[in-house]
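Trainee: Would you be able to build a 3D model of this:
(4 chains)
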There are 2 protein chains.
Amino acid sequence: MKTLEGVEWAVHACAVLAGLAPGASLNAAALADFHRLPAAYMAKHLQALVRAGVLAASRGGRGGYRLARRPADISLWDIQAAIEGSGPSFRCQDIRREGPCAGFGPSELPCDIACAFVEAEARYRAHLKAISVAQITRQVGAKLGPEGRSRFNDWASERGAKPA
Amino acid sequence: MKTLEGVEWAVHACAVLAGLAPGASLNAAALADFHRLPAAYMAKHLQALVRAGVLAASRGGRGGYRLARRPADISLWDIQAAIEGSGPSFRCQDIRREGPCAGFGPSELPCDIACAFVEAEARYRAHLKAISVAQITRQVGAKLGPEGRSRFNDWASERGAKPA
DNA sequence: CTCAATTCGGATAATTTGTATCCGCTTAAT
DNA sequence: ATTAAGCGGATACAAATTATCCGAATTGAG
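Mentor: Predicted structure coming up:
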């Protein structure tokens, strides 16, 4: 049960985009550079976010990535699902159907053990679904302070993105 | 975010032990055979459960594994933690400390993104902590029906364990 | 009290998964 | 037409997971 580190990268990237003016975009190199991450690999994750409908991409000169929806409508779960997939963490192998007691009882009913883990995971997801990128950006921005926010805006301008 | 399949094996193994008479034990070969799993690998998971204090082991002839506590006092989280470790799923790499905005704001404060994932995981764990092996064994036993339970008791006797 | 059978336990190998990079292709702005 | 940029696939590389084996420790029989 390990969260892939790409999730952390992806959330940070979305938070950066949410800190720009609505509709503004940045390319993969810029988003990677903001946290000093390898650009090629970051690009892979950004592509996954596009496939999941979290980001929208523009190709060609002056292209880049922008949020596909408003920051308030993108949850942390949307991002994790984009990177890791939305399938269940606990994959029941139904090992109960093997062995001396297999075949007794209605095997159509779900495995109680799997149910417990699936329900636990539902609660995990519910919490992430309740947190939006907008909230994250607000909190991070508040911690940065006026000088930090100014520095962010300067950086965005240099990279060709309109600041908020 | 994938739950290791060893967790499923371990929970099933504990559920089997909880279906025996209190204090009864089974060896690794028997616990593996019940679900037709590779014995050598199952043994490794059982060892992890011993290290975590969930099971107790006895060596030598007529030895084996038994529950270290009453089934009602063993939670699904205890078992998952034994197999996968109790560390956080989301390991914050603190990538926010790199880049143009690093150093602004009190970096002693925890990362908001990490906090969100840690809290989500806390809810996951809370649910698993609330479910005991005793509950699981009760539910599985109920589904088996009288004939299935009888078959289970016969199997346990053949393997040298006292049935409930 | 010795010996042999049994069983756990840690070290070791094989496989899969995740991490990271590169290159050709398509697309869009200048 | 040229340049900038994302997209997808192919490919290494690193790490974790899966699986197996052999030695150490314990028990019980003779």
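Trainee: what does chain A put close to DNA strand D?
Mentor: Residues of chain A found near DNA strand D (Cβ under 7 Å from any atom of the strand) are A:2, A:27-29, A:43-44, A:46-47, A:50-51, A:57-65, A:160. For the C-beta atoms, the positions are set from N, CA and C on the backbone; glycine is no exception.
Trainee: Could you rerun that using 10 Å?
Mentor: Within chain A, the positions lying close to DNA strand D (Cβ under 10 Å from any atom of the strand) are A:1-2, A:25-32, A:39-51, A:55-66, A:91, A:93, A:159-160.
Trainee: Same question for the longest helix seen in chain A: list its buried residues.
Mentor: Counting by DSSP state H, the longest helix found in chain A is helix A:133-158. The neighbour-count check on helix A:133-158 (16 or more other Cβ atoms under 10 Å in any protein chain shown) flags A:133-141, A:143-144, A:148-149, A:151-153, A:155-156 as buried.
Trainee: Same question for stretch A:6-14.
Mentor: For stretch A:6-14, the neighbour count (16+ other Cβ under 10 Å) marks A:6-14 as buried.
Trainee: now stretch A:100-116
Mentor: A:100-102, A:104-105, A:111-116.
Trainee: Quickly check: that stretch near chain B or not.
Mentor: Yes: with Cβ under 8 Å from any Cβ of the partner chain as the criterion, chain B is reached by stretch A:100-116 at A:100-101, A:104-106, A:109, A:112-114, A:116.
Trainee: Intersect those residues with the contacts of DNA strand C.
Mentor: With Cβ under 10 Å from any atom of the strand as the criterion, those include none near DNA strand C.
Trainee: Now the two most distant members of those residues.
Mentor: Greatest spacing in these, by Cβ to Cβ: A:Pro100 and A:Ala116 (23.7 Å).
Trainee: ok, A:Ala24 - how many residues close by?
Mentor: For A:Ala24, the number of neighbouring residues by other Cβ atoms under 10 Å in any protein chain shown comes to 18.
Trainee: Tell me which residues touch it, please.
Mentor: A:17, A:66, A:156, A:161-163 (Cβ atoms under 8 Å, 6 or more residues apart in numbering or on different chains).
Trainee: go with 10 Å
Mentor: Applying Cβ atoms under 10 Å, 6 or more residues apart in numbering or on different chains to A:Ala24 gives the contacts A:17-18, A:64, A:66-67, A:156, A:160-164.
Trainee: That one should be in a helix, yeah?
Mentor: No: using DSSP: H, G, I helix; E, B strand; the rest coil, the assignment for A:Ala24 is coil, not a helix.
Trainee: Filter the contacts of A:Ala24 down to just the buried residues.
Mentor: Among those, those scoring as buried are A:17-18, A:64, A:66-67, A:156, A:161 (criterion: 16+ other Cβ under 10 Å).
Trainee: wait, what's in contact with the residue nearest the centre of chain A?
Mentor: Nearest residue to the geometric centre of chain A (Cα atoms, centre = their mean): A:Ile79, 2.0 Å. When contacts are counted by Cβ under 10 Å, 6+ apart, A:Ile79 touches A:6-15, A:45, A:48-49, A:52, A:54-55, A:128, A:133, A:136, B:113.
Trainee: taking the residues you listed one by one, which sit in strands?
Mentor: A:Leu55 (DSSP state E).
Trainee: so how far is A:Ile74 from the nearest residue to A:Leu49 once chain neighbours are set aside?
Mentor: Once flanking residues are discounted, A:Leu49 sits nearest to A:Leu55: 4.3 Å by Cβ to Cβ, 6 or more residues apart in numbering or on different chains. The gap separating A:Leu55 from A:Ile74 is 9 Å, by Cβ to Cβ, to the nearest Å.
Trainee: residues shared between the contacts of the two?
Mentor: In contact with both A:Leu55 and A:Ile74: A:14, A:17, A:49, A:67-68, A:82, using Cβ under 10 Å, 6+ apart.
Trainee: In those residues, find the pair that's most separated.
Mentor: That would be A:Leu17 and A:Ala82, which, of the shared contacts of A:Leu55 and A:Ile74, are the farthest apart (Cβ to Cβ) at 13.8 Å.
Trainee: So for those two, which residues contact both of them?
Mentor: Common contacts of A:Leu17 and A:Ala82 (Cβ under 10 Å, 6+ apart): A:49, A:54-55, A:74.
Trainee: Out of the residues you listed, which are close to DNA strand C?
Mentor: Among the shared contacts of A:Leu17 and A:Ala82, no residue sits close to DNA strand C (Cβ under 10 Å from any atom of the strand).
Trainee: and A:Ala43, how many residues sit next to it?
Mentor: Residues lying near A:Ala43 (other Cβ under 10 Å) number 16.
Trainee: State the helix or strand in which it lies.
Mentor: Using DSSP states H and E, the element containing A:Ala43 is helix A:39-51.
Trainee: which other helices and strands contact that helix?
Mentor: For helix A:39-51, the elements it packs on are helix A:5-18, helix A:28-34, strand A:55-58, strand A:64-67, helix A:76-84, judged by 3 or more Cβ pairs under 10 Å, 6 or more residues apart in numbering or on different chains; DSSP states H and E.
Trainee: Appreciated, that's everything.
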